[in-house]
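# The following block contains a protein sequence and its predicted model.
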Amino acid sequence: MEEQKSIKETLQQGASGGDKSKKKLVIKKKPGSVEPKTSAPPVEAKSSSSAPEKKKDLNELIREEAKRQGGLTSSSGQASGQSQNSGSGPQAPSQNSPIVSRPDRRKEELPDTSSPSRSLDRKPESILSGDTSSPNYRSDERKGGGNQQGFFRKEDRNPIVSRPTTRPQRNDSGGQGGGGYQGGGQRGPGQGGGGYQGGNRGARPIQGGAGGAKPIGDPSFSGGAPAGGGASGVNKKKAVFDKDKGGREEKDENTKFFKQSFRKQKAQAAALAAVPKEISILENIQVGEIAKKLNLKPGEIISKLMKMGMMVTINNVIDAETASILADDYGCKVKIVSLYDETVIEEEKDAPEDYITRPPVVTIMGHVDHGKTKLLDTIRSSRVAEGESGGITQHIGAYQVETTRGKIAFLDTPGHEAFTSMRARGASVTDIVVLVVAADDGVMPQTIEAINHAKEAEVPIIVAVNKIDLPTANPEKVRQELSNYGLQPEEWGGTTIFCEISAKNNIGIDKLLEMILIQAELLDHKANPRRRAKGTIVEAKLDPGRGAVATVLIQNGTLRVGDAFVAGVHAGRVRAMYDDLGHLIKEAGPSFPALVTGLDGVPDAGAPFDVVIDDKEARGISHSRQDYERLGQSKNSTRVTLDNMSEIIKQGALKELKVIIKADVRGSTEAVKEALEKLSTADVRLNVIHAGTGAIVDSDIILASASNAIVIGFHTRANPKTVSLAEKEKVEIKYYSIIYDVVNEVKASMEGMLEPEKVENVIGKVEIRDVFKISKVGNIAGCMVKSGKVTKTASVRVVSSQSGEITWEGKIKNLKRMKDDVPDVLTGFECGILLDGFNDFQVGDEIEVYEIREIARKL
Ligand SMILES: Nc1nc2c(ncn2[C@@H]2O[C@H](COP(=O)(O)OP(=O)(O)OP(=O)(O)O)[C@@H](O)[C@H]2O)c(=O)[nH]1
């Protein structure tokens with residue numbers, strides 16, 4: 001309305017003939033306009049129109065104006081209230097708005113009227129009347145320029161064109177500016193503003209000519225098409241230029257795009273090039289961590305895993321198998337390592353000349369009751385100075401003795417289980433094994449196990465033939481038997497040292513110690529007492545008075561009171577140290593077992609012990625190990641199973657397949673061993689690291705765990721405790737009853753061509769409580785279902801309660817509950833079982849009821 005009023009008022013002013021007042025009024029109506037410098041009458045500024053025109057009355061002027069506007073467009077919103085009254089259509093608000101906002105812009109863009117160049121471009125009357133700061137000029141614009149040819153003559157265009165005085169680059173586009181303006185002039189009055197805009201746009205080389213055709217108030221100011229009448233030759237040229245420029249811009253855009261994508265590709269290639277050929281990880285790894293190891297951005301890993309169907313975040317944990325598949329995509333191999341390998345502590349640099357021979361570390365092994373403990377006690381007590389023997393109250397799991405020939409350290413935990421379980425944790429502390437064989441008993445199953453454990457650990461064996469004081473002692477028989485296991489006595493031309501001793505009567509002990517030292521000299525183990533200590537935890541416990549204490553066998557360097565250290569996942573600082581006699585000591589050198597206090601937790605036996613620079617470093621390593629442990633990453637390397645064997649062979653990570661065979665009888669053990677060993681190929685050797693008779697026991701699992709072996713049970717079983725140990729250690733136990741099956745399955749798995757796996761599902765366990773002999777029928781076992789159920793169609797095996805061996809396998813012929821034939825009997829109920837072809841039931845034996853399911857292998 002303000003605009004309408006303005007026009008009306010303008011016209012009124014014009015009609016009143018008061019030139020000066022008219023001008024003033026209009027100026028006042030235009031907020032933000034510049035105060036005119038000239039007082040040229042509007043009529044002059046407007047055109048060369050005659051004086052009578054100026055004297056037209058208001059109605060006449062309105063009529064003329066309406067006529068003009070009506071002639072141009074009937075639909076355009078009119079600034080004039082008259083036009084509205086004449087029904088020429090409502091004023092479009094959108095046409096108004098730019099006009100309202102224009103003054104401000106105009107104010108900004110108004111040229112410096114004092115510019116001489118502008119004045120020179122004009123004809124004298126223009127100089128007088130066409131000053132851009134002229135109120136008339138502005139008011140005419142606002143009116144929409146109805147008769148623009150009148151208001152804006154050719155020479156009037158210049159002022160507009162000359163606007164770019166502040167923008168010199170636009171000077172040569174003046175013609176276009178005019179064109180743009182003229183284009184505006186062809187529009188309806190309501191679009192006058194647009195015309196003005198066009199004019200303004202005209203000043204812009206690209207958009208100038210387009211100004212006229214663009215809708216009024218187009219906020220984009222993108223000007224219009226050449227419909228604006230002012231499209232001159234220059235304009236056309238410009239248009240071409242603009243088009244060219246547009247093309248060039250498009251081209252530039254493409255180039256930019258290709259450059260960007262090339263740069264991206266290059267960056268990707270560079271990123272891939274930075275992926276290492278091999279990484280080592282633990283059993284599980286965080287997404288962020290594997291990204292770091294692969295030198296890739298976490299986002300890259302996350303999207304890769306998403307493609308693999310896994311929705312993960314940077315903090316999620318993936319298993320080693322997934323990590324291997326992922327890394328393989330980037331041409332990187334994955335090596336699975338233990339917690340301590342992953343958080344390895346940097347070795348201190350030391351000089352070779354500082355290395356000296358260190359005392360040997362000895363473990364004593366042998367069959368039950370052959371005298372291991374007695375031997376250790378005898379050695380220890382005989383080496384303790386008089387008066388101190390009574391003080392041997394402290395058991396710290398290891399001790400060092402001094403002989404005339406030198407020192408020897410003994411691990412005070414006899415038996416191969418402790419030895420192998422330490423080895424299973426990656427600790428190989430033993431230099432020499434002393435194998436105790438009772439001369440009256442000879443080689444027994446655990447003697448053989450001990451041999452195999454020591455051989456597997458590649459530790460030399462010295463044989464101590466014990467109990468020679470007994471009249472039934474037969475040392476020659478022991479020599480003979482051990483020769484069959486590869487331990488040929490030196491006196492028979494072999495390499496094994498044999499010592500005849502009596503632990504009980506202290507006979508031959510000195511000789512044994514001497515032989516140990518001779519063997520040690522051959523081995524020539526060295527250590528540097530000058531460096532920071534490094535060792536292994538032999539045992540550890542929580543002491544009520546001293547907190548966590550650990551026996552550390554120092555393997556290199558010297559441990560001192562005050563040293564900061566990491567023990568397994570724990571940290572600490574040596575508060576106090578004791579020897580095996582309970583004496584306070586200040587330092588412990590190589591091969592010395594010391595009891596250490598000052599730990600912040602109880603470490604595992606077999607855990608590594610490392611002195612570090614300071615508490616801070618100790619705590620840092622301890623924390624990161626605990627973090628890994630929490631993520632379940634502390635497991636050792638991937639266990640070999642028949643399922644994954646071929647994959648591991650393919651990766652080149654398996655050069656030797658280790659097998660432990662347990663069978664019911666010696667003949668079977670040998671037969672299975674021989675058949676399996678023949679499966680060795682040029683790539684993979686099949687190595688039976690232990691073959692024995694009887695049930696599968698814990699030590700078999702520990703050996704398998706330490707050696708990454710599989711356990712084969714042939715007509716024998718593992719007891720539930722051993723089964724759960726195997727599960728914990730991730731050791732695979734496979735049961736067979738036909739040699740052909742063992743050989744074929746191991747062969748197929750080595751070649752990666754496994755048949756569908758037959759999974760045995762034990763559905764029940766039944767205890768034989770009575771045996772009923774029924775003539776012409778056979779023996780019926782009176783049983784109690786201990787767990788699960790027994791079904792008539794399932795398979796069964798009879799397991800000896802004495803030996804754990806399987807005495808028979810087959811099917812049930814008849815299943816009775818009371819006198820009725822039944823299909824199944826559940827836990828807690830009694831039943832009678834008649835087996836199909838077996839009568840030799842023993843009370844106490846167990847009948848295992850199982851089903852076999854075939855499932856496809858997942859390689
Ligand atoms: N006569 C005789 N008996 C011995 C000798 N050495 C050990 N013994 C006896 O043999 C029995 C078993 O000895 P240990 O030292 O406990 O045997 P071990 O091998 O440690 O037995 P486990 O700890 O059960 O594996 C004990 O009664 C000892 O006294 C020996 O040299 N002569």
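All right, it came through fine. Predicted model, so just to flag it, every value in this text is computed and none were measured.
# CA atoms for contacts and neighbours, from now on please.
OK.
# Let me know the pLDDT of the residue of the stretch 751-859 of the chain found nearest the ligand.
The nearest approach of the stretch 751-859 of the chain to the ligand comes at Ser803, 19.1 Å away (C-alpha to the nearest ligand atom). Ser803 is assigned 82 on the pLDDT scale.
# Select the longest strand from the chain.
strand 757-774 (DSSP state E).
# which helices and strands does the following helix or strand past that strand pack with?
Using DSSP states H and E, the helix or strand that directly follows strand 757-774 along the chain is strand 778-791. Applying 3 or more C-alpha pairs under 8 Å, 6 or more residues apart in numbering; DSSP states H and E, one finds that strand 778-791 makes contact with strand 757-774, strand 824-826, strand 830-835, strand 846-855.
# Now render those strands as TSV, adding distance to Ser502, mean pLDDT and mean neighbour count.
Formatted as TSV, these follow (distance: least, C-alpha to C-alpha, whole Å; pLDDT from 0 to 100; neighbours: other C-alpha atoms under 10 Å):
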stretch	distance to Ser502	mean pLDDT	mean neighbour count
strand 757-774	45	87	17
strand 824-826	57	93	18
strand 830-835	53	93	23
strand 846-855	43	84	19
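# In CSV: those, plus distance to Glu670.
What follows is the helices and strands packed on strand 778-791, written out as CSV (distance: least, C-alpha to C-alpha, whole Å):
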stretch, distance to Glu670
strand 757-774, 25
strand 824-826, 39
strand 830-835, 30
strand 846-855, 27
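# would CSV of those strands with distance to the ligand be doable?
CSV is the format used below for those (distance: least, C-alpha to the nearest ligand atom, whole Å):
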stretch, distance to the ligand
strand 757-774, 30
strand 824-826, 41
strand 830-835, 39
strand 846-855, 28
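# closest to Lys816 out of the ones you listed?
Of all the helices and strands packed on strand 778-791, it is strand 830-835 that lies closest to Lys816, at 5.0 Å by C-alpha to C-alpha.
# Residues of the stretch 301-450 of the chain that sit close to the ligand?
When proximity is defined as C-alpha under 6 Å from any ligand atom, the stretch 301-450 of the chain approaches the ligand at 368-374.
# got it, and the stretch 501-650 of the chain?
502-504.
# is it possible to export these to CSV including pLDDT?
CSV is the format used below for these (pLDDT from 0 to 100):
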residue, pLDDT
Ser502, 96
Ala503, 94
Lys504, 93
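# And those residues, which of them are buried?
Listed as buried from those are 502-503; burial here means 16 or more other C-alpha atoms under 10 Å.
# residue ranges with poor pLDDT in the stretch 401-550 of the chain?
The model of the stretch 401-550 of the chain has pLDDT under 70 over residues 424-427.
# tell me the helices in it, going along the chain?
Counting by DSSP state H, counting those that start in this stretch, one finds helices in the stretch 401-550 of the chain at the ranges 416-424, 445-456, 475-483, 509-523.
# Report whether the third one contacts the ligand.
No - shown here: helix 475-483 not in contact with the ligand (C-alpha under 6 Å from any ligand atom), separated by at least 12.5 Å.
# So which residues make contact with that helix?
437, 439-440, 442-443, 465, 468, 488-489, 500 (C-alpha atoms under 8 Å, 6 or more residues apart in numbering).
# Right, and the ligand sits closest to which residue of the stretch 551-700 of the chain?
Counting by C-alpha to the nearest ligand atom, the stretch 551-700 of the chain gets nearest the ligand through Ser699, at 13.3 Å.
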